[in-house]
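K.L.:
Kindly generate the corresponding structure for this input.
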Amino acid sequence: MLAFSALADPTRFQIVEMLAKHGRMPVGQIGKRFAISPPAVSQHLKVLKEARLVQVEVSAQQRIYMLNSQGIAEMEGWLSKVRKVWEARFNALDALLMEEHAKTASKKTTKRKRKKL
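P.N.:
Next comes the predicted model:
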């Protein structure tokens, strides 16, 4: 999923967090928060837009960026599916470990009883 690779970059991750916190922001205001060139900020925003994590609205000469709720929802949906798979696997592992623990505990009890006799 392109969204996760886009978020792997710390600057892009911070941009998404910033937009989540502050809502809509002009590109200039986003750029002021980073010690990188304006073209670098624009490139990061382009990657986030291509990954469908942000969207842009043009207002006169300004470009206003905001989170793309549909792209975020798609990530959430994918994560939910993966979480269900892993929860089922962990539950199966937990049951197996409990079964093994019960067998081990039973063997120890049997050995103690034999020693007492």
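K.L.:
Can you list the residue ranges for helices in the protein?
P.N.:
2-7, 10-22, 27-31, 38-50, 69-116 (DSSP state H).
K.L.:
Which one, of these, ends up nearest to residue 59?
P.N.:
Evaluated with C-beta to C-beta, the helices of the chain place helix 27-31 nearest to residue 59, the distance being 11.3 Å. Every C-beta, even on glycine, is put in place using the N, C-alpha and C of the backbone.
K.L.:
Return the residues in contact with the nearest residue to residue 52 once chain neighbours are set aside.
P.N.:
Excluding the flanking residues, the one nearest residue 52 by C-beta to C-beta, 6 or more residues apart in numbering is residue 71, at 3.4 Å. Applying C-beta atoms under 8 Å, 6 or more residues apart in numbering to residue 71 gives the contacts 3, 51-54.
K.L.:
Of the residues you listed, just say which sits nearest to residue 78.
P.N.:
Nearest to residue 78, judged by C-beta to C-beta, of the contacts of residue 71 is residue 3 at 8.5 Å.
K.L.:
Could you check how far the residue nearest to that closest one when sequence neighbours are not counted is from residue 73?
P.N.:
Of all residues not flanking residue 3 in the chain, residue 51 sits nearest, at 4.6 Å (C-beta to C-beta, 6+ apart). According to C-beta to C-beta, to the nearest Å, residue 51 stands 14 Å off from residue 73.
K.L.:
Who has more neighbours out of the two?
P.N.:
residue 51 (20 against 10; other C-beta atoms under 10 Å).
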